[in-house]
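K.L.:
Attaching a predicted model along with its sequence, questions to come.
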Amino acid sequence: MERKNNKLNSKTQEKRQVLISLSIEARALREEKKHTANTIEEAAFWESRTINYMLLRFFYGGGRFQTFKEWKTDGAVIKKGAKAIVIWGQPKKGTPKDIDDTNLSEEEKELKKYEFFPLCYLFSEKDVVFPSAKEKEVKEENTPDKEKGIPAEIDNELINTL
């Protein structure tokens, strides 16, 4: 059995870089909201929000997001061609290596912090269909009235006269 290559491929690296830049913006937005809060409670609220919360609510438009497996468990089917959004996953066990290295610049230290977190792929509720709803749509499309183009009232009158 082959062992997986631990090096990230280029697409994953690109997604990670985009997510890092979005995370920096999300952190700045959270700080702005915290500093412009009118009450201490509101400031505490914004202080307690995670980067993923800020990403999902302000950068990805809110709504309900779940992993592929969670949608499958709920009985949903992902629409063909749907693209997952990327957020930070649960941190890997252990501690980030070389984060306190004195030879690293502040920017490099910040990037090292993000290497500790894997990527998590989520699908929006707009990207899924529930089979029962899909079957219902198909049944409605294939009703005899719609196939013949005969309004239901006329069809019922014909049945009653026979």
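P.N.:
Looks like it arrived, so ask away.
K.L.:
so what secondary structure elements neighbour the lengthiest helix in the chain?
P.N.:
In the chain, ranked by residue count with DSSP state H as the criterion, the top helix is helix 10-35. Applying 3 or more Cβ pairs under 8 Å, 6 or more residues apart in numbering; DSSP states H and E, one finds that helix 10-35 contacts helix 40-48, helix 51-54, strand 85-88, helix 106-115, strand 119-124. Heads up, the C-betas are built off the backbone N, CA and C, glycines and all.
K.L.:
Could you export these as a markdown table, including distance to G62, mean neighbour count and mean pLDDT?
P.N.:
As requested, the helices and strands packed on helix 10-35 are exported to a markdown table (distance: least, Cβ to Cβ, whole Å; neighbours: other Cβ atoms under 10 Å; pLDDT from 0 to 100):
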| stretch | distance to G62 | mean neighbour count | mean pLDDT |
| --- | --- | --- | --- |
| helix 40-48 | 16 | 12 | 95 |
| helix 51-54 | 10 | 18 | 94 |
| strand 85-88 | 12 | 19 | 94 |
| helix 106-115 | 24 | 13 | 68 |
| strand 119-124 | 9 | 17 | 94 |
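K.L.:
Out of the ones you listed, which gets nearest to W71?
P.N.:
Distance to W71, taken as Cβ to Cβ, is lowest for strand 119-124 among the helices and strands packed on helix 10-35, at 6.0 Å.
K.L.:
Give me the neighbour count for the nearest residue to E125 once chain neighbours are set aside.
P.N.:
Closest residue to E125 apart from its sequence neighbours, by Cβ to Cβ, 6 or more residues apart in numbering: R64 at 4.2 Å. R64 has 12 neighbours, counted by other Cβ atoms under 10 Å.
K.L.:
oh, and call the first residue 694 from now on, that's how I've got it
P.N.:
I'll keep to 694 as the first residue from here, and by that count the last item is R757.
K.L.:
Correct me if wrong: R757 contacts L815.
P.N.:
No. Using Cβ atoms under 8 Å, R757 and L815 do not qualify as a contacting pair, with a distance of 9.6 Å.
K.L.:
Surely L812 touches Q710?
P.N.:
No. Look at L812 against Q710 with Cβ under 8 Å: they stay out of range, at 11.2 Å.
K.L.:
and E735, what does it touch?
P.N.:
Residues in contact with E735 (Cβ atoms under 8 Å, 6 or more residues apart in numbering): none are found.
K.L.:
What of G768?
P.N.:
G768 makes contact with F823, P824, S825 under the criterion Cβ under 8 Å, 6+ apart.
K.L.:
how close does the second one sit to E763?
P.N.:
Plainly put, P824 is 16 Å away from E763 if you go by Cβ to Cβ, to the nearest Å.
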